[in-house]
Structures are given as structure tokens and as C-alpha cells.
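Asks: A predicted structure for the sequence below; I have some questions about it.
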Amino acid sequence: MKDINLFDTIAAIATPLGQGGIGIVRLSGKKALAIADEIFTAKDGVKPSRYKSHTVHYGWIVEKAKVKSQKEKIVDEVLLTVMRAPRSYTKEDIVEISCHGGIVVLREILDLVLAKGARAAQRGEFTKRAFLNGRIDLSRAEAVLDVINAKTRYALESSISQLRGSLSKEVHQLKDKLIEVSALLEANINFPEEEITPANLEKVNSDVAFIKNEVDKLLDSAVHGKILREGLSAVILGRANTGKSSLLNALLKEERVIVSPVAGTTRDAVEEILDIRGIPLKIADTAGIIEPKDLIEQEALKRTRRYFDKADLVLLVFDSSSRLTPEDRLLIKKARAKTTIAVLNKCDLKPRIEEAEIKIHFDRLVKISSLKRKGLKELEEKIVQSVWEGKLEASDELIISNARHIQALKKAKEALARARDSLKDKLSIEFIAEDLRLTQESLGLIIGASAGEDILDKIFSQFCIGK
Ligand SMILES: Nc1nc2c(ncn2[C@@H]2O[C@H](COP(=O)(O)OP(=O)(O)OP(=O)(O)O)[C@@H](O)[C@H]2O)c(=O)[nH]1
Ligand SMILES: [Mg+2]
């Protein structure tokens, strides 16, 4: 996006290309209203440049005759919205033309606008202007992208909160605190003969501890952020015939995979996507093969392993109507390394399993019957709990989901840890001041205060055109 002129008036089709009820062509910049004057004929005859800000007008987009013998051509019947600088998305004059949502109409209107002197906008250029004109900071600009890309209700809520400035507020507060602390230290660096007072040193200590704690909290939330973005992946694990495929079918409420009394029914792992209370859950049914007898079974085992390795959550299925087998015990050992829910299936039959032994290894245990569809709600409940550990219930929590923010926070965390060590070891004040400066810089990256042109390019190129 280098070398683009920020004084140009830009235009783009802001709605998805396809057929729809309405489509929008959007213009932003100094010439937006003058261009609208040339192509829009209002029903009441008033020119757009005379409209008040935030008003909507009915009329037609008209292509004037190029030569006298030609008649002027009506392109479409439209509504035209005017938002004047600085009270607009970009802080510039904005004109939005809402026309009928056909590709040809939209294209013709855009061509007309370009012919009158606007330039085709690049990806994210409207939002980039909002950032460069100081209406939003970088974390909020990125939140615009997250809102557009949100795939679940929770992801949307979290991006909306970031769009409203929750993250930038938090970062600004931390930066202010850092500035305060740095000022105390700088005074000492500039006037070394004046020893830093024990009271001031104590304040530096406690403020640094406070900031570090806040940064840690933000980083902790990133685990949830990943799930909001990408969904949660779970694997159904268990020895043959415990009812893994039956469980998948029960959760999906359809007969998706083959179920049979023959051990080794499932060979190929099957992955499906479920929506569990707004969280997308990718769930894989695997083969219950533990000791492969042929090449196909070897391959099946390999696939089970692959799903197991990448899973955030394991549903370890037991047949509660039989005693634990050595295979069950082997799987218990493996699953302990992961977040696991022990699922005691076939609870409609007489229980024979050593429940107490399983409880030793796993905090979460549910009894279900896939056949009779019992206990499935409790299982869903446990799945949600295991993911959020009750955290999402506190809905105000700020959740970090952006990889760039995570990276910047990690850098801040490292610098803060060094500053704390230096404080503990009573090292020279300069060292501490330097690490606090680095912390400030890293936090500044999140809101864009210290972000370079290359970072901006990378961020805004992920946007769609017209945003
Ligand atoms: N009584 C009872 N039987 C069940 C239940 N769930 C599954 N079964 C039966 O157990 C047998 C095995 O079920 P599957 O779902 O194929 O088991 P699986 O774990 O996928 O087996 P593999 O794919 O061979 O590893 C079938 O006959 C099912 O009908 C249950 O809750 N109660
Ligand atoms: Mg199966």
C-alpha cells in the first residue's frame, strides 16, 4: 500500500459482489460531494453539496450525455447518504450510494464515480484513513476486521468490545503507569547525586509488579482467543466397541457414522463440526484400534494419533458395562497429558466398571448412554466448562485473539520480567529504565503508536475492498 496518496478521494463497492437487495458504493475524500453533484439527480432537485450531514436523499444516478445528440442515461434509482467530515467513518466527507444490488449496476456506478475523478480504494483503505486521521487506534482498526470475520457469537462479542476500545483503554492505562514509573527513574538518572528514595523505589517495585500482572492476564486470555477464532478441536478416543461412533451420532443428532457390535468398525477417522453453545467444536471419531494387525489398521492408528496430538480436548469413552481392560488403562495414561473428559457410556446397562479408578485420573466424568441419548446435555455442559473454566461467564473479560497483539504482549512480558529481576538484584537504574522503555514500545505496537508502515500495510491488506 506504499505510495498511495491520502489526499485522493477514494471509492469502492462496499457490499459483497453478487446479487442482493441493495448494494453500496462508497466515496471518501474532499471531492466526494462534488462528484456526487455531477452524477446524482435528486427528486427535489437539490445538489448533494448542499445537504446537511447525516441525511439521506432519494433520486437517480444519471450518466450525462457526452455529445449533444445523445440522451442522458439513468443508471439506477438510489438513496444517497451524506456524512460530512469529521463526523464520519474516515473523518473525511463520505457519500454512500445505496443502489440495487446487482453486479452490473454497482460496477456502472463505480465506473462513473471513477470517471469523475475518484480513485479505486485499496483493501482496508477506508479503515486505514480512520486510523491515520486519528479516529481509531490500531487495535480498534483490527477489531473491525475481527467483527467482519467473526464466526461465532462469542467471537463477535469479543471483537465488538475491542472495537469499542476496551483493549486500547487497557493498554493506554498501562502505558500511563509506565510513564509515571519511568519518570521516577529518569529523575534519578538525570540527578544521580540525589539517591532514589526508598519510598519511590517501593512504588517502582509495586507498579512494575502490577503492570506485569495485567500483561500476564491479557496473555492468559489468548488461549480463549484462539478458540473463539478457530473453534475447539476435540477427539473421541477409546478402545473398540465402547460406543465412540454412537456418541458422535448422538451429538450430531443424526446417523452420520456406522455403528456396529463388531469391534473395529471404524477404520477411518471422521471429523464433523458441531455448535456447542456458540462455540464451534470440531470433533473427530477415531478407530478404537490399539494393536494394529495389518497395514490399514496401522494407518488408522496413525490417524488417531494425529487427531489426538492436535486436539484441545479429549473425550475418552469407556464401556461402563464391562471392567477396565489393559487397553483402557493404556489410553488413560495417554489421555492424562491432555484436557480430558472421561465418558462412561452404556449407562443404560448394569455398571461393572471401576469408576473410582477412573476418577483418580480425571476430574471430569460423565455417565451417558449414546443409545438412549441420556446424559448428553451434561456432557455438553462439561465440554463448555473445560474450555472456559468458568471464565467466559464473566463477560466483561477482555480477550486477546490477535496473533500480533499476543506477540507484542509477550515482548512486553519479557522486558517486564527483566526489569523485575534488575530491581531484585539492585542493578543500575539505567537497566530498569531501558526495559520499561522497551515495554512501552511493545505495548505501543498494539495501539499503533509505534507501528511502522510495513506493519500497517500487512494489517490493512487483510481487509476487503470497500472497508
Ligand atoms: N446398550 C448400549 N449399547 C451401546 C451404547 N452405545 C453404543 N452401543 C452399542 O455398542 C456397539 C459399538 O458401538 P460403536 O458406536 O460402533 O462403537 P465404537 O467405539 O465406535 O467401535 P469401533 O469403531 O469398533 O472402535 C454397538 O452395538 C452399539 O449399538 C449405549 O449407550 N448403550
Ligand atoms: Mg466406531
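Replies: Thanks, I have it. Residues are numbered from 1 along each chain as shown. Ligands and ions are numbered 1, 2, ... in the order given.
Asks: ligand 2 contacts on the stretch 201-350 of the chain?
Replies: 244-245, 265-266 (C-beta under 5 Å from the ion). Quick note: C-beta positions are derived from backbone N, CA and C, even for glycine.
Asks: counting neighbours, which of those comes out on top?
Replies: Lys244 (29 neighbours; other C-beta atoms under 10 Å).
Asks: which SSE is the nearest residue to it once chain neighbours are set aside in?
Replies: If the residues on either side of it in the chain are set aside, Lys244 comes closest to Ile236, at 4.6 Å by C-beta to C-beta, 6 or more residues apart in numbering. Here Ile236, judged by DSSP states H and E, is contained in strand 232-237.
Asks: could you do Leu274 as well?
Replies: Assigned by DSSP H and E, Leu274 falls in strand 270-276.
Asks: same deal with Leu330?
Replies: Assigned by DSSP H and E, Leu330 falls in helix 326-335.
Asks: buried ones in stretch 75-90?
Replies: For stretch 75-90, burial by neighbour count (16 or more other C-beta atoms under 10 Å) applies to 75-76, 78, 80-85, 88-90.
Asks: just curious, which of these is nearest to Leu106?
Replies: Using C-beta to C-beta, Asp76 comes nearest to Leu106 of these, at 9.0 Å.
Asks: which strands and helices sit next to the strand holding Ile236?
Replies: Packing partners of strand 232-237 (3 or more C-beta pairs under 8 Å, 6 or more residues apart in numbering; DSSP states H and E): helix 244-252, strand 279-285, helix 295-310, strand 313-319, helix 326-335, helix 376-388.
Asks: mind listing residues that contact that strand?
Replies: Contacting residues not belonging to strand 232-237 are listed as 244, 247-248, 279-286, 304, 307-308, 310-317, 331, 334-335, 383, 387 [C-beta atoms under 8 Å, 6 or more residues apart in numbering].
Asks: just the buried residues of stretch 75-90: which are in strands?
Replies: Judged by DSSP state E, the buried residues of stretch 75-90 include 75-76, 78, 80-83 as members of strands.
Asks: look up how far ligand 2 lies from Asn345.
Replies: Distance check for Asn345 against ligand 2: by C-beta to the ion, to the nearest Å, it reads 12 Å.
Asks: now the closest residue to that residue other than its chain neighbours: how far from Gly117?
Replies: Leaving aside its sequence neighbours, Asn345 sits nearest to Gly243 (C-beta to C-beta, 6+ apart; 4.2 Å). For Gly243, the distance to Gly117 equals 69 Å [C-beta to C-beta, to the nearest Å].
Asks: so for the two, which residue has more residues nearby?
Replies: Each of Gly243 and Gly117 has its neighbours counted (other C-beta under 10 Å); Gly243 has more, 25 against 14.
Asks: next up, the contacts around the more buried one.
Replies: Residues counted as contacts of Gly243 (C-beta under 8 Å, 6+ apart) are 259, 317, 319, 345-346, 370-371.
Asks: returning to what we had before: can I get the strand holding Ile236 in CSV, CA atoms only?
Replies: Extracted as CSV, the C-alpha positions of strand 232-237 are listed here (Å, rounded to 0.1, in the frame of the first residue of the first chain):
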residue,chain,number,x,y,z
LEU,A,232,-12.1,-26.0,19.6
SER,A,233,-10.9,-29.4,18.4
ALA,A,234,-11.9,-32.5,20.2
VAL,A,235,-11.2,-36.1,19.6
ILE,A,236,-13.2,-39.1,20.7
LEU,A,237,-10.9,-41.8,21.9
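Asks: farthest residue from the center of this structure?
Replies: Relative to the C-alpha centroid of the chain, counting by C-alpha atoms, centre = their mean, Ser69 is the outermost residue, at 56.3 Å.
Asks: confirm that that residue sits in a strand.
Replies: No - Ser69 is assigned coil when assessed by DSSP: H, G, I helix; E, B strand; the rest coil, not a strand.
Asks: give me the distance between it and Ala130.
Replies: Noted for Ser69: a distance of 45 Å to Ala130, by C-beta to C-beta.
Asks: burial-wise, tell me which of the helices and strands packed on strand 232-237 comes out on top.
Replies: Most buried of those, by mean neighbour count (mean count of other C-beta atoms under 10 Å): strand 313-319, with a mean of 25.
Asks: who does that strand pair up with?
Replies: Strand pairing for strand 313-319, determined by DSSP bridges: strand 232-237 (parallel), strand 340-345 (parallel).
Asks: now the ones you listed in a markdown table, with mean pLDDT, mean neighbour count and distance to Gly165?
Replies: Formatted as a markdown table, those follow (pLDDT from 0 to 100; neighbours: other C-beta atoms under 10 Å; distance: least, C-beta to C-beta, whole Å):
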| stretch | mean pLDDT | mean neighbour count | distance to Gly165 |
| --- | --- | --- | --- |
| strand 232-237 | 92 | 24 | 28 |
| strand 340-345 | 97 | 24 | 37 |
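Asks: take those strands and write them to a markdown table, including distance to Gly134.
Replies: Shown next, in a markdown table, are the strands paired with strand 313-319 (distance: least, C-beta to C-beta, whole Å):
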| stretch | distance to Gly134 |
| --- | --- |
| strand 232-237 | 38 |
| strand 340-345 | 49 |
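Asks: which one, of these, ends up nearest to Ser422?
Replies: strand 232-237 (39.9 Å).
Asks: please enumerate the helices of the stretch 151-300 of the chain.
Replies: 153-163, 166-190, 198-220, 222-230, 244-252, 295-310 (DSSP state H, counting those that start in this stretch).
Asks: residues of the second one that come out buried?
Replies: Read that as helix 166-190. Using 16+ other C-beta under 10 Å as the test for burial, helix 166-190 gives 166-168, 170-171, 174-175, 177-178, 181-182, 184-185, 188.
Asks: now swap in stretch 146-154 and tell me
Replies: Per 16+ other C-beta under 10 Å, stretch 146-154 contains these buried residues: 146-147, 150, 152, 154.
Asks: can you add distance to ligand 1 and pLDDT and give those residues back as TSV?
Replies: Formatted as TSV, those follow (distance: C-beta to the nearest ligand atom, whole Å; pLDDT from 0 to 100):
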residue	distance to ligand 1	pLDDT
Asp146	38	85
Val147	40	87
Ala150	34	78
Thr152	28	72
Tyr154	31	73
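Asks: what's around Ala11, how many residues?
Replies: A total of 29 residues lie near Ala11 under the criterion other C-beta under 10 Å.
Asks: number the residues from 403 up from this point.
Replies: From this message on, residue numbering opens at 403, which makes the last subject Ala413.
Asks: and the gap between it and ligand 2?
Replies: Ala413 is 56 Å from ligand 2, by C-beta to the ion.
Asks: now for the strand or helix carrying that residue, which elements pack on it?
Replies: Secondary structure from DSSP H and E places Ala413 in strand 412-415. In terms of contacts (3+ C-beta pairs under 8 Å, 6+ apart), strand 412-415 is packed against strand 422-430, helix 505-517, strand 521-522, helix 527-534.
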